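Trainee: Provide a 3D model corresponding to the input given below.
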Amino acid sequence: MNASRPVVLLIEDDPRIRRFLQPALEAEGYDLVEAETGQAGLVAASGRPPDLVLLDLGLPDMDGIEVTKRLREWSHAPILIISARGQEKDKVAALDAGADDYLTKPFGVPELLARLRATLRRKAAAGPSEEPVVKVGELTIDLAARRVTIGVREIHLTPTEFKLLALLASRPGRVFTHTLLLREVWGPLREDESHYLRVHMANLRQKIEREPARPRYLLTEQGVGYRLAAE
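Mentor: Next comes the predicted model:
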């Protein structure tokens, strides 16, 4: 294996999927490590920390949600779920457990590779920085100064609006579920009060977006949550 190549850990019990993905990932410049069970995947991740984890939910020894939770106890590697489970509740559960993205089977190799590249770019951009400033297009979020601008125009936000935007800006491109946003911004007693989130997101879009009905920055993942555009 080449130490300079990104390491992708594929935790997938279906040999057909592994045979399907191996040549595409290696041709794209990734070092691929394979595991057929959740436990083998955890061992592999601890032995050689991956740059990204591709994880199936339907594993023979444990559910992929449990693997995600265990990985998140010590690893910050991005986790991309690849699963035949396409229901919103499965996506929400995986994202709440700490996954970064979710791709439903069957999928095409070009889409998977695009998701991988985007996830790794976000990981690189989230590295240590002396200035906690997030820039997406014309939108600039200065987390330390609590200042938000569009181009040269300063946007005045309420404390709650800024807290919500800052949470999304902590991981541009990552989907934050409704439950996670409500818990982090309003507290655990408000996890079921989705109207708080809808109202504040609508207000944020009115202040930030040129066309609030067609948002450029604050994007909706239908039935799951919201994310800040990564670029």
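
Trainee: so how far is the lowest-mean-pLDDT helix or strand in the chain off the chain centroid?
Mentor: Least confident helix or strand, the chain: helix 109-125 with a mean of 83, by mean pLDDT, DSSP states H and E. Helix 109-125 sits 10 Å away from the centroid of its parent chain (CA atoms, centre = their mean, to the nearest Å).

Trainee: Sheet-wise, list the partners of the following helix or strand past it with their directions.
Mentor: Counting by DSSP states H and E, the next helix or strand C-terminal to helix 109-125 is strand 133-136. In the sheet, strand 133-136 lines up against strand 139-142 (antiparallel) (DSSP bridges).

Trainee: after the strand it pairs with, next one along is what?
Mentor: Criterion used, DSSP H and E; the element after strand 139-142 is strand 147-150.

Trainee: Direction included, what does that next one pair against?
Mentor: strand 139-142 (antiparallel), strand 153-155 (antiparallel).

Trainee: Dump the C-alpha coordinates for it into CSV.
Mentor: Extracted C-alpha coordinates of strand 147-150, given in CSV (Å, rounded to 0.1, in the frame of the first residue of the first chain):
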residue,chain,number,x,y,z
ARG,A,147,-20.1,38.0,12.3
VAL,A,148,-21.9,37.0,9.1
THR,A,149,-21.6,38.7,5.8
ILE,A,150,-22.8,38.3,2.2
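
Trainee: Contacts for that strand next, please.
Mentor: 138-142, 154-155, 157, 162, 165, 208 (CB atoms under 8 Å, 6 or more residues apart in numbering). In short, each C-beta sits where N, CA and C put it, glycine included.

Trainee: Now with 6 Å, please.
Mentor: 138-141, 155, 157 (CB atoms under 6 Å, 6 or more residues apart in numbering).
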